[in-house]
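[1] the following comprises the amino acid sequence and a computationally predicted model.
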Amino acid sequence: MKSNGQQGQQTMDSGKNRDQSASEAPDPPDPSESKNMPRQQTLVLAGVILLFSLVYFVLLFVALHFVRSSALPTFGIVFVSYIAWRNGAVAGLALVALNHLWTSTAFLILAPEFTRSYPPEAIISILVHIGVALLLGYFGRLAADLRNEIDVRKKAEASLMLLQNELEQRVEARTRELEKVNEFLTQARKMEAIGHLAGSIAHDFNNYLNIILGYSALLVKKLEPDSPLIEWALNVEKAAATAAELTSQLLAFSRKKKFPVRPVNLNTLIQELIPLLSSAVKHSIAISHVADAQLPVFDGGVDQIKSALLNLGLNARDAMKNGGALTFTTKTVDVNKEYRRKHGLTCATGTYASVSVADTGTGIEPEVFKHLFEPFFTTKDEGKGTGMGLAAVYGIAQSHHGAVFAETELGSGTTFTMLFPVKLLETPA
Ligand SMILES: Nc1ncnc2c1ncn2[C@@H]1O[C@H](COP(=O)(O)OP(=O)(O)O)[C@@H](O)[C@H]1O
Ligand SMILES: [Mg+2]
């Protein structure tokens, strides 16, 4: 609508130009301008006019004296042609009249014998002048109209080009946006599908592991204290416990794990977590907590969230082999469409309690970043990482109808942010 309005404005302006050129009169000099014209300039102009008059008289005199023809004073024809071409036939004719007056006066002074009987050459000369004024006035106007028409078309074309470019840019931006949203949705669906598969396997697996754990515990209990089999039974128990921990994380990822829902205060939770984490990290890592005192309380699984934050804390530790800073920050965040787009989220818009875990570690390579939350994705050596930590964090965020995202810079560090809904406004993207 706006662009159409602009175009209309432009056409109107061009029409105005055409009207102006139809009268073919050059802009009249501004009277205030001439008033302000410096004295010196006026004198120069007067001098030039005087000089031209003198030259005109001399030429006229020479022509009359040697050729003795009254058709000769046609010097004005060039000027008449120019004025008629530029300013129209009326201006040309006015000049012819002026020229005639001027020449007649000159004749009266210089060659009164010619003026006594008006010679036919003089009449022909005037008629030629009038013809030239009319013809050039007509064609001059046609040319001016044509120039204006071309101008109008050029302007219209330019504004059309502008509009087309703007449109193309908008379509491109919208397509890019849609592609991005599509990518987020595809990723979310992929995680959902893996979650289903992993969840059903983990569920059955867990049942078998509970049986193995139960029987190995019984074995340890029933065996004689000095029996060499005790060590084997303990090994079975230990392996089964590790496997149970893994399946528990798989269940957390697939959201198959039920948990009691209680009011969660993230600040209190972090305060409880810090001593636990401190014992697991080196002294060269400084742990701090930047708390939002007004952070709202929400309903959720305290143990689940604590284990998610512990996972994030341990990953941060692993990324800071030479020490650094680990900072927990809580905030109340208004998740709007812009925030969602910026962080590639599909959660509903609304108010969220957010907790960020920031480290000053290695940062994450783009290739690793793409797969961060996928189960069993790890860059750590065998026995050091299972690749289930972030998958569990993802599942825990999802089971709270929240979200998790990471921001990273190679060599500077990484920040993971978990969002928990407090008050939702709209359905997810
Ligand atoms: N804070 C971090 N800084 C750098 N890389 C990280 C960070 N957190 C996670 N990662 C990367 O993500 C991978 C997956 O993490 P995770 O799912 O917790 O599995 P794991 O810790 O067992 O490897 C890690 O192997 C590591 O490459
Ligand atoms: Mg981990």
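    Nice, thanks for sending it over. Ligands and ions are numbered 1, 2, ... in the order given.
[2] just the residues contacting stretch 285-298, thanks.
    Surrounding stretch 285-298, the residues in contact under the criterion C-beta atoms under 8 Å, 6 or more residues apart in numbering are 263-267, 270-271, 274, 277-278, 281, 313, 317, 320, 323-332, 351, 353, 420-422. Where you see a C-beta, it was placed from the backbone N, CA and C, and this is true even at glycine.
[3] do stretch 389-399 as well
    Residues lying outside stretch 389-399 but in contact with it, judged by C-beta under 8 Å, 6+ apart, are 191, 195, 249-250, 252-255, 257, 259, 301, 304-305, 307-308, 311-312, 314-315, 372-377, 403-404, 416, 418-420.
[4] show me which of those residues neighbour ligand 1.
    Near ligand 1, taking C-beta under 6 Å from any ligand atom as the test, the members of those found are 311, 315, 372, 377.
[5] out of the residues you listed, which comes closest to residue 126?
    residue 372 (95.8 Å; C-beta to C-beta).
[6] now do the contacts for the closest one.
    Contact analysis of residue 372 by C-beta under 8 Å, 6+ apart lists 364, 390, 406.
[7] that one: what secondary structure?
    Look at residue 372: counting by DSSP: H, G, I helix; E, B strand; the rest coil, its state is coil.
[8] all helices of the stretch 251-400 of the chain, in order?
    Along the stretch 251-400 of the chain, the segments classed as helices by DSSP state H, counting those that start in this stretch run 266-278, 302-319, 337-343, 366-369, 389-399.
[9] would you single out the least confident of those?
    Mean pLDDT is lowest for helix 337-343 out of these, coming in at a mean of 91.
[10] quick check: buried residues in it?
    For helix 337-343, burial by neighbour count (16 or more other C-beta atoms under 10 Å) applies to 340, 343.
[11] ditto for stretch 198-207
    Residues of stretch 198-207 classed as buried by neighbour count (16+ other C-beta under 10 Å): 198, 199, 202, 205, 206.
[12] ditto for stretch 143-158
    Across stretch 143-158, burial judged by 16+ other C-beta under 10 Å covers 144, 148, 152, 155.
[13] just the CA coordinates for stretch 274-292, please, in CSV.
    Taking Å, rounded to 0.1, in the frame of the first residue of the first chain, the C-alpha atoms of stretch 274-292 are listed here in CSV:
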residue,chain,number,x,y,z
ILE,A,274,27.3,-25.9,44.7
PRO,A,275,28.9,-27.9,47.6
LEU,A,276,28.2,-31.1,45.8
LEU,A,277,29.8,-29.8,42.6
SER,A,278,32.8,-28.2,44.5
SER,A,279,33.9,-31.6,45.7
ALA,A,280,33.9,-32.9,42.1
VAL,A,281,35.9,-30.0,40.6
LYS,A,282,39.4,-28.8,40.9
HIS,A,283,40.3,-25.7,43.1
SER,A,284,41.4,-23.9,40.0
ILE,A,285,37.7,-23.6,39.0
ALA,A,286,35.8,-20.8,40.7
ILE,A,287,32.1,-21.5,41.1
SER,A,288,29.7,-18.6,41.6
HIS,A,289,26.0,-17.9,41.6
VAL,A,290,24.4,-14.7,40.2
ALA,A,291,20.9,-14.9,41.5
ASP,A,292,17.7,-13.1,40.5
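[14] that stretch and ligand 1 in contact?
    No: taking C-beta under 6 Å from any ligand atom as the criterion, stretch 274-292 and ligand 1 are apart, separated by no less than 11.9 Å.
[15] quick one: that stretch to chain centroid distance?
    In terms of C-alpha atoms, centre = their mean, to the nearest Å, the centre of stretch 274-292 is found 40 Å from the chain centre.
[16] mind starting the numbering at 109 from now?
    With 109 as the first residue, the last one maps to stretch 382-400.
[17] quick revisit: which of the contacts of residue 480 has the most neighbours?
    Using other C-beta atoms under 10 Å as the contact criterion, the top neighbour count among the contacts of residue 480 goes to residue 498, which has 24 neighbours.
[18] circling back: which one of the ones next to ligand 1 among the contacts of stretch 497-507 sits closest to ligand 1?
    In terms of C-beta to the nearest ligand atom, no member of those lies closer to ligand 1 than residue 423, at 3.3 Å.
[19] which residue is the nearest non-sequential neighbour of that closest one?
    In space, and not counting its chain neighbours, residue 423 is closest to residue 497: 6.0 Å by C-beta to C-beta, 6 or more residues apart in numbering.
[20] burial measure for the one you found, as a count.
    Residues near residue 497, counting by other C-beta under 10 Å, number 24.
[21] distance of it from residue 442?
    Here residue 497 is placed at a distance of 29 Å from residue 442 (C-beta to C-beta, to the nearest Å).
[22] PyMOL command for the buried members of the contacts of stretch 393-406?
    Restricted to the buried members of these, where burial is judged by 16+ other C-beta under 10 Å, the PyMOL selection command reads as follows:
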select buried, resi 372+373+374+375+378+382+385+389+421+425+428+432+434+435+436+437+438+439+459+461+528+529+530
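[23] now stretch 228-240, how far from the chain's geometric center?
    Relative to where its chain is centred, stretch 228-240 has its mean C-alpha point 69 Å off (C-alpha atoms, centre = their mean).
[24] which SSE is residue 329 in?
    Taking DSSP states H and E as the definition, one finds residue 329 inside helix 228-330.
[25] what's that helix packed up against?
    Helices and strands touching helix 228-330, as assessed by 3 or more C-beta pairs under 8 Å, 6 or more residues apart in numbering; DSSP states H and E, comprise helix 110-131, helix 184-195, helix 197-218, helix 337-362, helix 445-451.
[26] cool, thanks, signing off.
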